[in-house]
Every structure is written in C-alpha cells, then in structure tokens.
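Peer 1: Following is a predicted model, sequence given first.
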Amino acid sequence: MAIHILGIRHHGPGSARNVKQFLEKVQPDIVLIEGPPDADGILEWATHKELKPPVAILCYQPDNPQQSSFYPFAEFSPEWQAILYARKNNIHVRFMDLPVSNRFAFENENKAAPKPDDPVDSTVNNYSINNGEEPGTEELVDPDLPRWPDPISYLAEAAGYSDGEKWWEHMFEYRNSNEEVFDAVNEAMKILREHFPRKDDRMEQLREAHMRKVIRQAEKELFQNIAVVCGAWHAPALIDMPKQKEDNDLLKGLTKVKCECTWIPWTYNRLSFYSGYGAGIASPGWYEHIWNHPKDDGTRWMAKVAQLFRSKQIDTSVAHVIEAVRLAESLASLRGLPKAGLEELNEATLSVLCNGEAVMLSLVNNELIISDRIGEVPVDIPKPPLQLDIERQQKKLRLPATADWKDYTLDLRKETDLERSIFLHRLQLLEIKWGHKSSVSGKGTFKEQWRLQWDPAFSIDIIEKGTWGNTTEEAASKYVINLVQNADNLPAVCELLEKTIPAELPVAIETLIQRINNMAATSGDVIQLMQVIPNLVNVTRYGNVRKTDADMVLGIAQTMIVRICISLPAACTSVDEEAAEQLLEMMQKMNEAVRLLQQEEITTAWQQTLTLIAHSKNTSPVIAGYATRLLADYKLLVGDELIKTFYYSMSASSTPAIAAAWLEGFLKGSGTILLLDIDLWTMVNNWVEQLSEDVFNDVLPLLRRSFSHFTQPERRKLGEKVRSGSSGNIVVRTESNIDTERAKKGIEVVMKLMGYESVGKDV
C-alpha cells in the first residue's frame, strides 16, 4: 500500500502541472483532496462540458444563507487538475477536509462564546499554509513570542530572495515538472512547522485530524495507491500520523448543522487577494498564461500586451515587443533569476511600451494580469429556484452576467427594454445589487441608464431572498410586503412605493398604497406629510410609460395635499429660524409638486393656503416673504397690490431683522424679479438707502445671505444695475409695446411646431 502526500500551493500553475504529471505517472486508485466532504455529491459535474472554470463550490446553511463558504477553482488550481484526472480516469475522488457542516457549527459556537480582551495573532502565508477559503490569521502558542512574519519568507531569505512570493514562484510555479518537488516541499514544511508551531489552533487540529481520518478510511477500504492533495502546510501532519485514538478523541462530540452545496461561476477578480480572498493570488490572468504556455520566454506575453494597447488605439510596434522581451531577460539575468518573471516583464513594459506612464501599466494589470474572466456552470445543475429564474431571465433579456462593467441605456418605449428595466428594479428591491441606475441627460422619463457587473457573492443574496419566492416577481412582491408591514415611517414607505412602481408588482403596490393612506390619515405631522408629497407626485409620472394605473397614487396625493393645506398655516406660526428654514425647503418642493400635478382644484387650494400664510401677522417673516413671492409667481399679486404688500412688510415699523428675513424669503430662488421689475428694484433700493449705518450693519449678514442664493450672472447684473443708477439700463416693455394682432398670427405656427395640428380660432 502506498500513500503519496502532495503538498501544493492553492491556485499555483506549477503545482497544478506537478500534480497532473505525478498522477499520470503513479496512477492512483483513489485521490483525496483538501476540500469540503459535503460537496462530494456534486463532483460528478466537474467534467460536464458546460462547466468552465473559474468556478467555485458554494456551501451554505439553508436556514441561514449568510453562513456560507466558497471553494474556488481555476483551471490552474492543483485541486481542479486532480479532480479532472480522477473523473476522466473513472477512479474514486473525495474531499477530506473537516466538513462544512461541522465548521459552521464550530463558528456559531465561537460567535456565541465571549472573546478574549487581547487576542494575539500572526500573519501566515496564504498560498502554502492556509486552506482555500480563510484568511491566514492564527494564534501563537506563547503570547510572549514575537509576531512572526510569513514563515516562507525565511526560506526565501536563505535562498537570497527578499520576497517569499517571488521565491516560491521561481522555485515551483515557473519551473518544469520535477518528480522530487513534493518531497522537497514536505521536508521544508516540516522544518517550518517545528519552528512555528500552532498547537493552540483548535480549528487546524480538527481539520488535520479529519484529513487523517479520511486517509485511514481509504486504507480500510483496501485502496492500494492513495494520492493526497493538500495545502503544503498540512503535508507533514498527514505523513507523521498520531495514533488513531487521539484523532477520534479530538473529533468526538463535534456538532453540525444542515448544509447544502452547489457550483457557481467565479471570477479572476474574486480569485485575487485584492478582493479579500484569504488564499488569493496577485495575478490570476498571468497564472493562466504560464499554465497554458509554460515555456514562454515572455514573447507571447508581450504580444498580448501589444494587442491590448492596439485595441485601445495605442501605437505599439513589433520592435517594441522585441525590445521589451530583451530588457526583461536582461533584468532577470542581472538579478540571478532562471527566467524573467512577471515583475521583470512589468518593468520592461513600463519602460518600453508605456514610456514610463504608470497609468498605461494599470491597464495591463486590470485587463491581463488580473483579467475579468468569469466561469460558467451548466443550466441544469442543482440550484435554488430563484437563481434558476434569474438565469432564465438573464438569457431571455440578453443581459449576460459579466465580471467587467457593462452599460445599458434602456428605452422604456421598447418592449424588451421595458422588461429589462422591470427585472433590474425587482432585483434592486431584493437588494441584489447587480445593476446601478444613474440619471440620463435630457428631459422625459422613457430612458434609464444602467451599469451592470456580476459578483459571485450575489449567489448568497439570491439564496437568502429565495425564501420569499421562486421567481423574482413573487420574491420581490412578498419581500416588499414584509417591509411594508414592519414599517412605521411614512416617508420611508413612500420612498419604497416609488421604487416598487417601476418593478410592476401590483399586489405590493396596492399594499403600499393602503399603508400610506392609513398612515397619512393618522399622521398630524405636516412636515412628514410634505416630505412624502414629492415622491408620490413623481410616482404618478410612470403612468404613461410603464402602463401603471397612477390614478390610485394620485388620489392619495390629492387627499394628503388637502390635509397639508389645512394644517400648514398654523405650522408656520411661532417657529424658530431653524424650523422656518426647514419649512421653507418643504414649501418649495411642495410648490413644485403642485405645479407638476396641474390639477385645478389642488392648485386653487394651495394658492388659498399661500394667501393665508402671507397675510398672517404670526407667520414667520421668511415664510411670509416666500409665500408672497409664490403668489406673485401665480399672478395673484401684481401691480399696485404687490407694491403695497411689499411696502407694508418692509416699512419702518418692522424691525430691520424682520424686514430682512421677509426679503430673504421673497427673493428666494431667483434674482430675476429684481432685474426685470423697475418698481420693485426701486422699492428694495430705497429701503436699503434709508437704513441708518448701525441698522445697515445689523442686517448686512442677512442681506448677503439672501443674495448669495442668486446665480453668479444674476449677482453680476445686479451689481451693474447698482453702478448704473437706480433705474439701470434694463428696459422693461409694457403691454402697450406689444402688437397683439401680429402676435396672434404666430401662435398657430408655433403650435404646429409643438405637434398640435390646429388651434382654436378664438386664441
């Protein structure tokens, strides 16, 4: 009986090549791999023609999907090559790590247990020591010991390297196959484990005990030629086995939870350690290249770089490629390296192809060194129903899941684009943030801009939201209804309604509207009611494009506006400056909503409310001034009546502070009225001129605040008006200057240009 322990680096192309060639030579009758035994049942899919790495095994707790773990594989992963060898040669293959069901239970227990005040941890190398799914932070045996750096760095230093990563790559990943490589790795790891013991790491002890248990089980089943593929750090623990009883005692009494497993697509970006993946690598795209072209001296790689630059309209010649390869080889020779690695190739690329511009090298890093490659899994692989529905709609709507950003401009007047929009809005309601919506320039509501980028971690969110339904429509509807039932904030419910309307969920929308109606009926907070009106009015605009019945929303909005009109005058009295500013902002948004509705009854009620606010002596001055301004905009205060109101509010009987506050409200939003109305300008100018120096100094900050809201061109024109005199150079035309009969002749032409065939004869 022979047991071959193959210590490898996770996601190492050289290790993968060594494992593949070793298995082909030794021809074992069973292969044991570091991985979750819970996933043994889905290993049969590994050789399916539609399963293309990078992929990952997703293990999760069905009743708590956020409790999950990923086991990624690339084509150049040693474990993946071992699985393929076993499946293609029809021999047994099993995972041997501690089952995820036990690990989840262990983690849940640790979360519940009290944590020490001052834990001591040390950084441990991710690639040869750590397993494939956790970051390498462990506890030292003795807290008084120093926090050791990566143990591999000691081997690198002994070999004359300053970087453990670079040493490992040149020793194992760049070299051709060596039959004795595994003996060398096992011996090196044995020495390191003796100098860096981790006896207090209970999880590592449990994992290695279970690995030995699986090996012993294979021996009992009379397998004669056993190949074991594991992280290099674990190899010595599987060679020098303790007594079976010690492992059994260690594993005795372990609790477990229910666990399910499936295959999901993975990305090179998530395979890199930049994403936070503990066993990640710096250059997945580069590793794929040296896996496919192990004897490349850099020429093929530089050709890829040149091709990338040319695709971006960057001039790159063959001479550039040749010179860059020569420079990389020279750098490797000067550094005593057997061949040029990625570092040398990058430096040559920066000098020769990028002309020293690091920005261009970042393009190489994103597109080639890391790459945006995403894997594929068969459609018929066991998956949660919600995930199957999402994949079906992605295919139907031609919205592929890609690892890189992809932009879509949707025209909601087109059926396919409308369906895409509905689908993406439903995913957003489910908090699956595949798409990010941005504003589109121009007017109208028939276009949406989306940017999509798929993240493998969405699988967890999909599983979690799958408890609400088997389709996106069902799940989104039930999830929204649940949110509504637990909501106690009227603005939040209205905001949710605005997000739900584009998703076209009739049941959820009806529930939301009923909830809003009930909450509005019992709410006496006029500010809260005013906060939700703009959102409700915005919802009504979807009625045309999305074929949504906006009348039911409009009815609620109208009822709430009536309540606001009744309560607002009282709310504007006896308020401090901060509350007045808040009311002022709400009134501005409320006025915009009323104008957008264009409902005569609502507009009339709002104008009557403004009249009460403007003429009430107890109204806050700044609010009274703004209400007066709105009445002037509606042409309800014009001519002598407007001048009379202004003089009354700005009279000497009012304190300068109150008069300045009223003026601030009156001028809110635009200074155009001062530019165009000579009488009004004269009134303001005369009021300022009659102020004494002391009073002027008191009101100056208020005046500056009022005028600071104007645009820069308006302030410039006002300054020019002051310099030119009280009347200025602006000529205001009165109605006597207008040729009415001539103007009427142009109306019909203008109306036709706007799309109207004819106009009434009585215009």
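Peer 2: Structure received. What you see is a predicted model; the values in this text were computed from it and never measured.
Peer 1: Just give me the neighbour total for Asp694.
Peer 2: As a burial measure, Asp694 scores 8 neighbours (other Cβ atoms under 10 Å). The C-beta positions use only the backbone N, C-alpha and C, and glycine is treated the same way.
Peer 1: what about it, helix or strand, and which?
Peer 2: Assigned by DSSP states H and E, Asp694 belongs to helix 693-708.
Peer 1: Wait, Pro53 touches Trp80, no?
Peer 2: Yes: judged on Cβ atoms under 8 Å, Pro53 makes contact with Trp80 at a distance of 6.2 Å.
Peer 1: what sits against Gly341?
Peer 2: Listed by Cβ atoms under 8 Å, 6 or more residues apart in numbering, the contact set of Gly341 reads Lys166, Glu169, His170, Tyr174, Ala332.
Peer 1: returning to what we had before: output the helix holding Asp694 in CSV with nothing but the alpha carbons.
Peer 2: C-alpha atoms of helix 693-708 as CSV (Å, rounded to 0.1, in the frame of the first residue of the first chain):
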residue,chain,number,x,y,z
GLU,A,693,-25.4,102.9,9.3
ASP,A,694,-26.0,100.9,12.6
VAL,A,695,-29.1,99.2,11.3
PHE,A,696,-27.4,98.5,7.9
ASN,A,697,-24.5,96.8,9.7
ASP,A,698,-27.0,94.7,11.6
VAL,A,699,-29.0,93.5,8.6
LEU,A,700,-26.0,93.2,6.2
PRO,A,701,-25.3,89.5,7.0
LEU,A,702,-29.0,88.7,6.3
LEU,A,703,-28.9,90.6,3.1
ARG,A,704,-25.7,88.9,2.0
ARG,A,705,-27.3,85.5,2.8
SER,A,706,-30.3,86.4,0.7
PHE,A,707,-28.3,87.5,-2.3
SER,A,708,-25.8,84.5,-2.0
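Peer 1: moving C-terminal of it, what's the next helix or strand?
Peer 2: Moving toward the C-terminus from helix 693-708, the next helix or strand (DSSP H and E) is helix 712-724.
Peer 1: Tell me how far stretch 612-623 lies from the chain's centre.
Peer 2: Relative to the centre of its chain, stretch 612-623 is centred 46 Å away, using Cα atoms, centre = their mean, to the nearest Å.
Peer 1: Let's see the distance spanning it from one end to the other.
Peer 2: With Cα to Cα, to the nearest Å applied, stretch 612-623 spans 11 Å between its terminal residues.
Peer 1: can you pull the buried residues of it?
Peer 2: For stretch 612-623, burial by neighbour count (16 or more other Cβ atoms under 10 Å) applies to Ile613, Ala614, Ser616, Thr619, Ser620, Pro621, Val622, Ile623.
Peer 1: and if you look at stretch 577-584?
Peer 2: Of all the residues in stretch 577-584, those buried under the rule 16+ other Cβ under 10 Å are Ala580, Leu583, Leu584.
Peer 1: Looking at the residues you listed, spot the one nearest Asp698.
Peer 2: Sorting these by distance to Asp698 puts Ala580 at the head of the list, at 18.9 Å, by Cβ to Cβ.
Peer 1: Just say helix, strand or coil for that closest one.
Peer 2: In three-state terms, and counting by DSSP: H, G, I helix; E, B strand; the rest coil, Ala580 is helix.
Peer 1: Show me the chain divided up by domain.
Peer 2: By the assignment in automatic domain parsing, the chain contains the domains 2-275, 296-370, 385-472, 737-763.
Peer 1: These into TSV, with extra columns for mean pLDDT and distance to Ser692?
Peer 2: As requested, those are exported to TSV (pLDDT from 0 to 100; distance: least, Cβ to Cβ, whole Å):
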stretch	mean pLDDT	distance to Ser692
domain 2-275	82	67
domain 296-370	91	62
domain 385-472	87	49
domain 737-763	70	40
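Peer 1: wait, which of those is closest to Ile561?
Peer 2: Among the domains of the chain, domain 385-472 comes nearest to Ile561, with 21.5 Å by Cβ to Cβ.
Peer 1: measure that closest one end to end?
Peer 2: In domain 385-472, first residue to last residue: 10 Å (Cα to Cα).
Peer 1: now, which of the contacts of Gly341 sits nearest Phe104?
Peer 2: Lowest distance from Phe104 to these (Cβ to Cβ) belongs to Glu169, with 34.2 Å.
Peer 1: Cross the contacts of Gly341 against helices and list the overlap.
Peer 2: Among these, the residues falling in helices (DSSP state H) are Lys166, Ala332.
Peer 1: and the longest strand for this protein?
Peer 2: As assigned by DSSP state E, the longest strand anywhere in the chain is strand 64-73.
Peer 1: Centroid-nearest residue for the protein?
Peer 2: With distances taken as Cα atoms, centre = their mean, Lys433 lies nearest the centre of the chain, 6.2 Å away.
Peer 1: List phi and psi for it.
Peer 2: phi -90, psi 60 (degrees, to the nearest 10).
Peer 1: Mind checking the pLDDT average for the helix holding Asp694?
Peer 2: Average pLDDT, helix 693-708: 75.
Peer 1: outside of it, which residues touch it?
Peer 2: So helix 693-708 is contacted by 656-657, 659-661, 663-664, 667-668, 671, 688, 691, 715, 718 (Cβ under 8 Å, 6+ apart).
Peer 1: Is the closest residue to Gly41 other than its chain neighbours within a helix or a strand, and which one?
Peer 2: Spatial nearest neighbour of Gly41, excluding adjacent residues (Cβ to Cβ, 6 or more residues apart in numbering): Cys261 at 7.4 Å. Here Cys261 sits within strand 260-265, counting by DSSP H and E.
Peer 1: which other residues reach that strand?
Peer 2: Contact with strand 260-265 is made by 36, 38-39, 41-42, 45, 51, 54-60, 62, 70, 100, 374-377, 381-384, 401, 454, 456, 459, as judged by Cβ under 8 Å, 6+ apart.
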